[in-house]
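Asker: sequence unknown, structure follows:
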């Protein structure tokens, strides 16, 4: 049994939150740079240029790339052979609290969804814990903006609607969302499970590496097909029109009931912020 | 095109959907909760935080300013959430609204009737846009934190005219140019 003091978790969460909000990483910015050349619309090119310049300023000056520094989502994988000294949830929230104060990030969380009073420290985070083999703790942290989350959804399709039904739902959602979710997007699609499982695997999908290839060849192909169709919608960068509406489509699947075909679509804006650390 | 606030009716007449404009002078921030409060103030016949005649509201909730800087990151938020509050403010003289994303047909109709205009700044470019802000001061609803109303002085803040007073709609026109796939209503 490996003992891990909860203060180490706080430190790691703080480091990840500070880093994620200011630095998209060179490889992601490079994808955006390439899209400037490929974009067919001149307004679209101009928007992408502003986004790239913005992301470079944020990296250099350690400034948040977007004023919406998000609600923090944390996926935590805890090894069976780990004993945490202290409270895992409180440790994570303390890390968020410290990062959002030190980083001059916006506090965007209200304590009650109806009376809407700001908690003033951006806590609580949304925390998902999974038990895994080993004696380590792996934390994936994503500050998630409200604009793209608001355009996300879950729909219970019938099995007969199948792949065509899924495609129709995705295209419809992205077309009518227009500029609101801040395209170019990463589109996370969760297929199967049940109501909440589909949403969870769609969220995990947007946290996959943007350049990874789905190990399931059928899904890898479907991801390509749907990406191609999304980019024919004309929505373009920030919905100003153009050929760059999405940068990637990521599909995760899970077994489901014989009567159901749950589909969740989680949209991620072009400020695709997520960082991973291991303790 | 360059404009300086306050915006006159003549300025609005010059703005056409698709034009890139650079705005300088004083603009005011406001988003969800501030809009709710301002509309309540109008209904209760109370004073508003500023005189709306010819003014610009920018839908934004900035990050806190670091030392030596007037403001933190300050890109636009989605405008459609302010649709239910827009008409009473336009009736008080508000002429220019700046945010991101599409708005409802109902809003567009009201905006044309009021001879106002809707512009967009680039969403998610908050660090870049912060460079266009010279000064910032909270003038109302301080308790709302990032949602408080700030008076900003801006210099050549880049925007694109999205809906003009003649019914021009940049989003619809541009998206249709690049759409090559059928979409169901």
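Answerer: Right, received. Where do you want to start? Keep in mind it's a predicted model, so treat the numbers as computed, not measured.
Asker: CA atoms for contacts and neighbours, from now on please.
Answerer: OK.
Asker: and stretch B:82-90, anywhere near chain A?
Answerer: No: Stretch B:82-90 does not reach chain A (CA under 8 Å from any CA of the partner chain); its nearest approach is 13.0 Å.
Asker: Pull the residues that contact that stretch.
Answerer: Stretch B:82-90 is contacted from outside by B:31-32, B:35-36, B:39, B:42, B:52, B:103-104, B:107, B:110-111, B:114, B:116, using CA atoms under 8 Å, 6 or more residues apart in numbering or on different chains.
Asker: Adding neighbour count as columns, could you present these in TSV?
Answerer: TSV is the format used below for the contacts of stretch B:82-90 (neighbours: other CA atoms under 10 Å in any protein chain shown):
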residue	neighbour count
B:31	23
B:32	18
B:35	21
B:36	14
B:39	19
B:42	14
B:52	18
B:103	17
B:104	12
B:107	17
B:110	16
B:111	24
B:114	16
B:116	23
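Asker: of all those residues, which comes closest to chain A?
Answerer: When those are compared for distance to chain A (CA to the nearest CA), residue B:103 wins out at 9.5 Å.
Asker: circling back: tell me which of the contacts of stretch B:82-90 is nearest to residue A:148?
Answerer: Using CA to CA, residue B:103 is the member of the contacts of stretch B:82-90 that sits closest to residue A:148, with 15.7 Å.
Asker: from memory that closest one sits against residue B:80, does it?
Answerer: Yes: taking contacts as CA atoms under 8 Å, residue B:103 lies within contact range of residue B:80: 4.8 Å.
Asker: one step back: let me know the closest of the contacts of stretch B:82-90 to residue A:248.
Answerer: Closest approach to residue A:248 among these (CA to CA): residue B:103, at 26.3 Å.
Asker: Kindly confirm my reading that that closest one is in a helix.
Answerer: No: checked against DSSP: H, G, I helix; E, B strand; the rest coil, residue B:103 lies outside a helix; its state is coil.
Asker: Tell me the spacing between it and residue B:172.
Answerer: Going from residue B:103 to residue B:172 by CA to CA, to the nearest Å gives 12 Å.
Asker: what does residue B:141 give?
Answerer: If you go by CA to CA, the gap between residue B:141 and residue B:172 works out to 36 Å.
Asker: Pull the number of nearby residues for residue A:255.
Answerer: Residues contacting residue A:255 under the criterion other CA atoms under 10 Å in any protein chain shown number 11.
Asker: Name the surrounding residues that touch the particular helix or strand that has it in it.
Answerer: In this assignment (DSSP states H and E), residue A:255 forms part of strand A:246-256. For strand A:246-256, the surrounding residues in contact (CA under 8 Å, 6+ apart) are A:183-194, A:198, A:201-202, A:204-206, A:208, A:210, A:214, A:219, A:223-224, A:226-227, A:230-231, A:262.
Asker: Count the residues that sit near residue A:34.
Answerer: Applying other CA under 10 Å, we find 11 residues neighbouring residue A:34.
Asker: swap that for residue A:8, sorry
Answerer: A total of 16 residues lie near residue A:8 under the criterion other CA under 10 Å.
Asker: element containing it, please.
Answerer: Taking DSSP H and E as the definition, residue A:8 sits inside helix A:6-22.
Asker: and that helix, is it in reach of chain B?
Answerer: No: using CA under 8 Å from any CA, helix A:6-22 stays clear of chain B, with a minimum separation of 9.5 Å.
Asker: helices and strands around that helix, which ones?
Answerer: Counting contacts by 3 or more CA pairs under 8 Å, 6 or more residues apart in numbering or on different chains; DSSP states H and E, helix A:6-22 is packed against helix A:42-61, helix A:88-102, strand A:137-144, strand A:275-278.
Asker: give me that answer again for 6 Å
Answerer: If you count contacts as 3 or more CA pairs under 6 Å, 6 or more residues apart in numbering or on different chains; DSSP states H and E, helix A:6-22 packs onto helix A:88-102.
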